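**Q** I'll drop the sequence and a predicted model, then ask my questions.
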Amino acid sequence: MVAIADVNEVEKMKIEILGTGCPKCKILEENARKAVEEMKIKAEIVKVSDIAKIVEYGIMTTPAIVINGEVRSYGKVSTVEEIKKWLK
């Protein structure tokens, strides 16, 4: 018997917002949520504030955004439009 995965499970993205909770980190998270909503995609958005985990990505300047394990931007607040390009 072959197991068939739920399409929504397969396509779900993981977006991580790396930062300690500063105002810029919060704006980046809001922008990521807006981008996901506008594109009508399924994505898990996770805040990562543990410095050790942030450093594991090689990030020394926050905020940063990681999509499916790939660092897309750090040290600045990415716009909704920038994030939407990365989600395609």
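**A** Received it, and whenever you're ready, just let me know what you need. Being a predicted model, the structure only gives us computed values, none of them experimental.
**Q** going by C-alpha atoms from here, please, whenever you check contacts or count neighbours.
**A** Fine.
**Q** what's opposite the residue most central in space within the chain in the beta bridge?
**A** Computing the C-alpha centroid of the chain and ranking residues by C-alpha atoms, centre = their mean puts residue 15 first, at 2.5 Å. Residue 15 has the following beta-bridge partners by DSSP bridges: residue 45, residue 67.
**Q** just residue 74 next, same as before
**A** residue 64.
**Q** check contacts around it.
**A** By C-alpha atoms under 8 Å, 6 or more residues apart in numbering, residue 74 lies in contact with 59, 61-65.
**Q** run the last query once more with 6 Å
**A** 62-64 (C-alpha atoms under 6 Å, 6 or more residues apart in numbering).
**Q** residues contacting the residue nearest to the centre of the chain?
**A** Here residue 15 is in contact with 45, 66-67 (C-alpha under 6 Å, 6+ apart).
**Q** same question for residue 48.
**A** 17-18.
**Q** equivalent analysis for residue 80, please.
**A** Taking C-alpha under 6 Å, 6+ apart as the contact definition, residue 80 lies against 31, 35.
**Q** what about 7 Å?
**A** Contact analysis of residue 80 by C-alpha atoms under 7 Å, 6 or more residues apart in numbering lists 31-32, 34-35.
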